[in-house]
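1. Predicted coordinates and the sequence they were generated for:
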Amino acid sequence: MQRPVLILIVLCVLPLFSACSILSPPALRFETDGAQEELLRLTQLNHEVTTFKGIGSVTTTEDGETRRFRLAWAGDAPNLLRLEIMAAATPVESIAYDGTRLRLRSHMGSHKPYAKKVEDPSLASATGIPLSLSEIHALLSGKIMVGPFESARLHSLPEEGARALVLRLDRRHTKTIDIDSRGLPTRTSLSKGGDEVYDLHLSPTADPDGTNRFRTITLTTAKGVKATIRIDRAFVNPVVDRTMFTLETPQ
């Protein structure tokens, strides 16, 4: 499989930073005033959006080499996702996740059809880009995934009305979400042991009906990989045939 295509796939299917325990989880700590309210606003962003479709492009840069692809996608709740990757209008790769099984199909013969039953689809070993399917699903639907955390604090940013929500995920991981004066997320970053793992810049826009969408999503990692998704057209709550998430042809 070509490296740039693999990078794009990884943007969609890397694992969540989460942990499970048979013990009761500790109580969440909100260390500053307003942190809990800000968190609630973020989790309610585009809460009415359940299905979505869109078209756009992705540009990836790694080791000084830049590649560009066209991109089409569709999603359904909770984490069903379909991606079509194209080069010069020629299909390159189809990716589908139906909530249970990940499927990949190459249209260029670069690999055999792939299907695997997985709860958290992961190709982390391929590039190490720390995004999850849930995160990219949320971003393409105009949302932001908060994920599990232990504590939260809120502080002001230099820009008027802007603030940052800092989430401590565990002993080593911290996620920071920057929010503008409109209450829309513009940046999220993840650090591990004080060192940045990735930086994600967003360009939000509010439609007349109040629905949020991101015009661009730009990810930069500490390993020097950069990927930018440009959203040209987005459709909210369209009719979606769930067979598309299995790579099967509708009857």
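-> On my side now, so go ahead. Because the structure is a prediction, the values reported are computed rather than measured.

2. which residue ranges form the strands in this protein?
-> Assigned by DSSP state E, the chain shows strands spanning 29-30, 52-62, 65-76, 80-87, 90-97, 101-106, 114-117, 151-156, 163-168, 173-179, 185-192, 195-206, 212-221, 226-236.

3. of these, which approaches Ile144 most closely?
-> The minimum distance between Ile144 and those falls on strand 185-192, with 4.6 Å, by CB to CB. Any C-beta I mention is one placed from the backbone N, CA and C, and that applies to glycine too.

4. Neighbouring strands - and their directions - for that closest one?
-> Partners of strand 185-192 in the sheet, by DSSP bridges, are strand 173-179 (antiparallel), strand 195-206 (antiparallel).

5. For it, what does the pLDDT average out to?
-> On average, the pLDDT along strand 185-192 is 96.

6. Tell me which of the strands of the chain lies nearest to Gln44.
-> Gln44 lies closest, by CB to CB, to one member of these: strand 212-221, at 10.8 Å.

7. Just want the most central residue of the chain.
-> The chain has Ile136 as the residue nearest its centroid, 1.9 Å off, counting by CA atoms, centre = their mean.

8. Quick check: the gap between that residue and Gly194.
-> 26 Å (CB to CB, to the nearest Å).

9. Okay, now the unreliable bits of the stretch 1-150 of the chain?
-> The model of the stretch 1-150 of the chain has pLDDT under 70 over residues 1-26, 120, 122-130.

10. nope, the stretch 151-251 of the chain is what I was after
-> Low-confidence segments of the stretch 151-251 of the chain (pLDDT under 70): 249-251.

11. let's see 50
-> Of all residues in the stretch 151-251 of the chain, none has pLDDT under 50.

12. Run a quick neighbour tally on Lys194.
-> Heads up, residue 194 is Gly, not Lys. The local packing of Gly194 (other CB atoms under 10 Å) involves 7 other residues.

13. for it, what are its contacts?
-> By CB atoms under 8 Å, 6 or more residues apart in numbering, the contact list for Gly194 is empty.

14. And for Leu80?
-> Leu80 makes contact with 97-99, 242, 245, according to CB under 8 Å, 6+ apart.

15. one more time with 6 Å, if that's ok
-> When contacts are counted by CB atoms under 6 Å, 6 or more residues apart in numbering, Leu80 touches 98-99, 245.

16. Could you do Asp199 as well?
-> Listed by CB under 6 Å, 6+ apart, the contact partners of Asp199 are 189, 220.

17. List the beta-bridge partners for Phe69.
-> Val58.

18. no, scratch that, I was asking about Val236
-> Going by DSSP bridges, Val236 forms beta bridges with Phe52.

19. burial count for it?
-> A count of nearby residues for Val236, using other CB under 10 Å, gives 19.

20. what does the one 3 residues further on give?
-> Other residues lying near Val239 total 7 when counted by other CB under 10 Å.

21. about what we covered before: which of the contacts of Leu80 has the most neighbours?
-> Among those, the one with the most neighbours (other CB under 10 Å) is Phe245, at 22 neighbours.

22. pretty sure that residue contacts Thr100?
-> No. Using CB atoms under 6 Å, Phe245 makes no contact with Thr100, being 9.7 Å away.

23. Number of residues surrounding Asn79?
-> Look at Asn79: counted by other CB under 10 Å, it has 19 neighbours.

24. any idea how far the nearest residue in space to Asp33 that is not next to it in sequence lies from Thr176?
-> Ranked by CB to CB, 6 or more residues apart in numbering and with sequence neighbours excluded, the top spatial neighbour of Asp33 is Leu154, at 7.5 Å. Applying CB to CB, the value for Leu154 to Thr176 is 11 Å.
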